[in-house]
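J.: task: produce atomic coordinates for the following.
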Amino acid sequence: MEKIKLTQFSHGAGCGCKIAPDLLEQILQHNPNSLTFPGLLVGNSTKDDAAVFDLGNGEAIISTTDFFMPIVDDPEDFGGIASVNAISDIYAMGGTPLMAIAILGWPVDKLSPDIAALVLKGSRTACESAGIPLAGGHSIDAPEPIFGLAVTGRIKTGQIKKNDGALPGSLLYLTKPIGVGIVTTAQKKGIVRDEDLKVVRDSMLTLNKTGEMLAGLSYVNALTDVTGFGLLGHLVEMCEGSGVSAMIDFEKVPKFSFLEPYIAGKCFPGGTKRNLRSYGHKILAENTDWLDILADPQTSGGLLISVDSAFRQEFESVMSKQGMNLWPFGELQTPAEDIPLIRIS
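T.: Just a heads-up that it's a prediction; the model follows:
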């Protein structure tokens, strides 16, 4: 089979393709949630990761979908990353995935169907790692390659983790380092080191399965995953939904250790500036250069976790047993009128 580079066939990459938060708000404001369904526990009103519907027996169904254009050149990796990213929305609600349906858009006049088959192979591998079947799907002829999943999951109704339950005094944790958009942009520029790209690839292919376990921790009061809006964008949603503000220590934010040369080379994806135009006015940073890192669009990023500070030691011990050595990078506070929503020092 001819060696191809999938990223050359798309104008965007991964979750960096997402419509900017402010534009998405404009779209949704013309489509209000006018119908009330008693069983709908989580809809689109809180900007959460997935919809949740009460089954009436103590359990609920979680439903989500996510898809994007290639962020890597290898077809199997593309299928795997897109799938891990979509399944993450179930974990971000504290849920357990049940099955997935594929969404495939393929430029049949430009790319061989054999390459699309490899995308599906990578997806199937990711689904099997999550313990779920890739049970079907839908495909269209599209001008650019697109792939993702619609995923169904389940959860006990008393254990749903939302992004709007954070409380003042809570500590913020992140389960994966940020910088995916910076490194994949360096890949497009042809200046990325193979070893750095492999680390980022492996991170994107790592399932956020720990979200299932977090469902049982009552002191985890808010949960979401970090994707195309960047760490700051998803934190803004958490703060606004919960009625809190945040103070971040930039040095403590988990970041890939090899970003410096790519930052010096201005390897910032277009999504970074779109993100900052949307929510930058809500943020005050001691060093504005930090914003290009903290607003970097992540694809298949980690879980952003808000934890009651009284349980810090217990939480970090639990996560250590999961193989994650986490540390807080910020704290949530009671908001004040004359203080920005997020402050970074």
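
J.: how close does residue 169 sit to residue 188?
T.: 42 Å (CB to CB, to the nearest Å). Bear in mind the C-beta positions are built from the backbone N, C-alpha and C, glycine included.

J.: please read the previous query as pertaining to residue 88.
T.: Per CB to CB, residue 88 is found 23 Å from residue 188.

J.: between these two, who's got more neighbours?
T.: residue 88 (30 against 16; other CB atoms under 10 Å).

J.: the host helix or strand of the more buried one - contacts with which helices or strands?
T.: For residue 88, the host element (DSSP states H and E) is helix 75-91. If you count contacts as 3 or more CB pairs under 8 Å, 6 or more residues apart in numbering; DSSP states H and E, helix 75-91 packs onto strand 59-68, strand 96-106, helix 113-129, strand 146-156, helix 194-204, helix 210-214, strand 220-225.

J.: enumerate the positions of that helix that are buried.
T.: Neighbour counts using 16 or more other CB atoms under 10 Å place 75-91 of helix 75-91 among the buried residues.

J.: again, but for stretch 218-230
T.: Within stretch 218-230, the residues scored as buried using 16+ other CB under 10 Å are 219, 220, 221, 222, 223, 224, 225, 226, 227, 228, 229, 230.

J.: and the two most separated of these?
T.: Spatial extent of these (CB to CB) is set by the pair 219 and 228 at 28.6 Å.

J.: residue closest to the middle of the protein?
T.: Centroid-nearest residue in the chain: residue 227, 2.9 Å away (criterion: CA atoms, centre = their mean).

J.: at which residues are the helices of the stretch 151-300 of the chain located?
T.: 180-189, 194-204, 210-214, 230-242, 260-264, 270-279, 291-294 (DSSP state H, counting those that start in this stretch).

J.: between these, which gets nearest to residue 323?
T.: helix 210-214 (9.0 Å).

J.: ok now the closest one, how far from the chain's centre?
T.: 15 Å (CA atoms, centre = their mean, to the nearest Å).

J.: give me the residues contacting that helix.
T.: Identification of contacts with helix 210-214 by CB atoms under 8 Å, 6 or more residues apart in numbering yields 88, 90-96, 161, 175, 220, 223, 225, 303, 305, 318-319, 322, 324.

J.: might one say that residue 139 is in contact with residue 106?
T.: Yes: between residue 139 and residue 106 there is a contact at 6.4 Å, judged by CB atoms under 8 Å.
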